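Undergrad: Generate coordinates for the sequence data below:
(2 chains)
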Amino acid sequence: MIQQLLGFLSFYIPEVMCIVLMTTLLVAEASVKEEHGSRDKIYTYALVVLGLTLIPLLQNLGKAPVIIFHNAITIDPFSTMIKIIMVLGTMGSIYLSRSSKDIYTNLKSEFSIMAVGVLIGGMLLASSNNMLTLYLGIETLSILSYVMSSFKRDDATSTEAGIKYALYGGLTAGVMLYGISHLYGMLGTIQFVEMIPKLAALQGGDLAIVMVSFLLFFAGIGYKVSCFPFHMWSPDVYQGAPIPVTSFFSIVPKLGGLAALVRVSMIFFANESLLSVSWIGLMLVISAMTMTVGNVTAIGQTSVKRLLAFSSIGHIGMMILGVVVLNDVGVRAILFYGVVYMFMTLIVFYITSHLSDMYGTDSQDVFRGLIYKHPLMAVIMVSVLFSLAGMPPFSGFIAKFNIFSVIIEKKYYGIAIVAGINSVISLYYYMKLAKIMVFGQPDGEEKISGFTTANQAIILALFIPVVFLGVFWDKMMTIAGDATIFIK
Amino acid sequence: MMGLASYLIISLILFVIGITVMIARKNIVAILLGIELVLNAAALNFVAYSRFATNNLDGHIFSLFIIVVAAAEAAVGLAIVIRFFQIKETIHVDEATTLRN
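TA: Sure, this is the predicted structure:
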């Protein structure tokens, strides 16, 4: 019994490390003195432990997939890859929160507690193997996210963002649970694997109930990835929340939700059936609507945070296309997109955070004439915007190219055309921002101050993968190539 | 003897009431109550299916977790509502309109 438990735990080291980190951070934060140095120590500690979790994660990547804790958790290369991206995203956001003025000084170390908590939820969600762990993962992710979005607690917009997030999240979680309860009743189990044969045997009225239940079930996941009918919270929360939180939200909860969506689709709908055909149809409609709504609405935005929210909705629509094909190539394309998107998002939010701290607003005007004020920042920002729009030679192009190639291989020409049009629309608003930066005349002679060498080194380090993954993308694809989903 | 159907009908009624409350009421605390109704509808479903249809304990375990998570969610939701009230001095949802295009 004990031996078995220890055997299970040996695959679960990253999560255990995060849980221990969160608990110790709570204690450390409670005993912190209001001096300057001790908070820095807490930050260093959090970043170092998060960095150390990458070691067992990379080890797990090479191991054969296993099911642990009595079919509750699956550790396969896919979930491990998602976890690596989430850990890197968390580290980036925590580092950003340290310098950002958007987070109150006395709440700075609480940010890392909450972020690690959300990360634990995301890890649980990414490797969930039954309905219970999936639900718990989504709720751990959501409940801490509500707190994070209302982090600026004296600020009306931040609290309002928290309220909208909480009410919307509660609604969709309830609807999803109602769907799961009927799935459980019809199929008699909450284990994913035991559900598969029972799904195949369904007939007539039962099949109709299960279809409706899956639709309700999709509400919960759809809200987490913020796809079309459930995307309304996303711009408000992105705009209201402090910038480090926004950058965190566009990486960890989204990837967690996407991982659950990919896993559920691959498990339940990989076999040809009426259910699978209707799921593919649903996904096609949702991804087309998500892309179009996100990109078209982004055009008129003046707030950079809101613009990035809509652009991230557009990117999620693109990533959902990788789910539609229901094969390993699609999963690989999603993983590559996730890695690239994580780096691009971190850079964009890093620069936006510094500028909006300096000018006290997040409107697009803060970027006016950036090339004269800080050339390095401007060059990197313009390159990343090109990458987000999917222009070669940057990695954003390869990410989009992979998605296009998988859907065209499956002969979904209609959706490929929609995706192509959307890429053009997104190019328009990204280039509008780039134009302000390069051709706009700055208001005065003042330069960007306080962007230290360390900050410049960080954005350069984050920028290297954006360029190199665009050139040496086959290396990355080889790593992601084994990241298949394990069904047992 | 009450069968599965009566439980399912009750839970459907709870679900519909919950959704209606969430859409129709403008008081944030009332909306939180609506969320609780929806969660309880799901929990009732789980227990009823577990008792009458599936003959295993999965449903009971699930409903226990639902109760725990619902409590956590209500705690966080109410905490945010209190902050909102302290800033805006109202808990009317129509006052939450600062974030718009």
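
Undergrad: hey, let's count contacts and neighbours off CA atoms from now on
TA: OK.

Undergrad: Quick one: name the residues of chain B near chain A.
TA: B:19, B:22, B:31-32, B:35, B:38-39, B:41-43, B:45-46, B:49-50, B:53-54, B:58-59, B:62, B:69, B:72-73, B:76-77, B:80-81, B:83-84, B:87-88, B:96, B:98-101 (CA under 8 Å from any CA of the partner chain).

Undergrad: in the chain, which segments are predicted with low confidence?
TA: Since no chain was named, I'll use chain A. Along chain A, the model assigns pLDDT under 70 to residues A:33-36, A:445, A:479-483, A:487-488.

Undergrad: looking at chain B here, not the other one
TA: B:1, B:100-101.

Undergrad: Show me where it has its helices.
TA: Using DSSP state H, the helices of chain B run over B:4-24, B:28-49, B:58-88.

Undergrad: Can you add mean neighbour count and give those helices back as CSV?
TA: Shown next, in CSV, are these (neighbours: other CA atoms under 10 Å in any protein chain shown):
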stretch, mean neighbour count
helix B:4-24, 17
helix B:28-49, 24
helix B:58-88, 18
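
Undergrad: Next, format those as a markdown table and append distance to residue A:442.
TA: Converted to a markdown table, these look like this (distance: least, CA to CA, whole Å):
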| stretch | distance to residue A:442 |
| --- | --- |
| helix B:4-24 | 47 |
| helix B:28-49 | 45 |
| helix B:58-88 | 37 |
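
Undergrad: and of the ones you listed, who's closest to residue A:6?
TA: Closest of the helices of chain B to residue A:6 is helix B:58-88, at 24.1 Å (criterion: CA to CA).

Undergrad: looking at the helices of chain B, which is closest to residue A:131?
TA: Across those, closest to residue A:131 is helix B:58-88 (CA to CA), at 9.0 Å.

Undergrad: what's near enough to touch residue A:192?
TA: Residues near residue A:192 by CA atoms under 8 Å, 6 or more residues apart in numbering or on different chains: A:129, A:130, A:131, A:267, A:268.

Undergrad: now the residues you listed: which count as buried?
TA: Buried by 16 or more other CA atoms under 10 Å in any protein chain shown: A:129, A:130, A:131, A:267, A:268, out of these.

Undergrad: now residue A:15: how far from residue A:430?
TA: Applying CA to CA, to the nearest Å, the value for residue A:15 to residue A:430 is 37 Å.

Undergrad: can you check residue A:17 too?
TA: In terms of CA to CA, residue A:17 sits 39 Å off from residue A:430.

Undergrad: Residues in contact with stretch B:27-38: which ones?
TA: A:167, A:170-171, A:174-175, A:178, B:14-23, B:25, B:70, B:74, B:77-78, B:81, B:91-93.

Undergrad: er, stretch A:418-431 I mean
TA: A:288, A:291-292, A:295-296, A:298-299, A:311, A:318, A:385-386, A:388-390.

Undergrad: I'd like to know which of those is nearest to chain B.
TA: For the contacts of stretch A:418-431, the minimum distance to chain B (CA to the nearest CA) is 10.5 Å, reached by residue A:298.

Undergrad: Among the contacts of residue A:192, which ones are in helices?
TA: Using DSSP H, those in helices are A:131, A:267, A:268.
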